[in-house]
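Engineer: Using only what follows, build the 3D model:
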Amino acid sequence: MSQSSGSVFWGAFWMFLISILLCWLPGVGGFIAGIVGGKVAGSVGNALLAALLPAIILGLGLFFFATAMTGVIAIGVLAGLGGLMLGMVHIGGLLLGAIIGGIIA
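Structural biologist: Got it, this is the predicted structure:
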């Protein structure tokens, strides 16, 4: 069994970019982005991490920015959790595509 080289960062980058470009295709756009990003990531484990990474980064970014802007940690927590949930709503087709892309890599 050969070890395939892949990158979680580039897999997440391609998933994010293709998801933005194909946002007008609900479900299918995320699925296509998952396949491409999973293939770039190189394995199923890396593909799953690459699919979850943008949602987690969005949630953390909103937490820090909302806390910094308001000075109230509770508002930062609410904004961060809201952003994380919005990212997770989109992730269904992306995860399925990432698994398939990781398998064919």
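Engineer: Show me where the chain dips below the pLDDT cut-off.
Structural biologist: In the predicted model of the chain, residues 1-4 satisfy pLDDT under 70.
Engineer: 90 - rerun?
Structural biologist: Counting by pLDDT under 90, the ranges of the chain that qualify are 1-6, 16, 19-20, 22-30, 53-68, 70, 72, 75-76, 79-93, 105.
Engineer: so who does L94 touch?
Structural biologist: L94 is in contact with 15, 19, 30-31, 33-34, 37, 51, counting by C-beta atoms under 8 Å, 6 or more residues apart in numbering. From N, CA and C alone the C-beta is placed, and that goes for glycine too.
Engineer: Out of those, which sit inside helices?
Structural biologist: The helices, defined by DSSP state H, take in 15, 19, 30-31, 33-34, 37, 51 from the contacts of L94.
Engineer: which residues in this structure form helices?
Structural biologist: 8-21, 28-41, 44-70, 73-89, 91-104.
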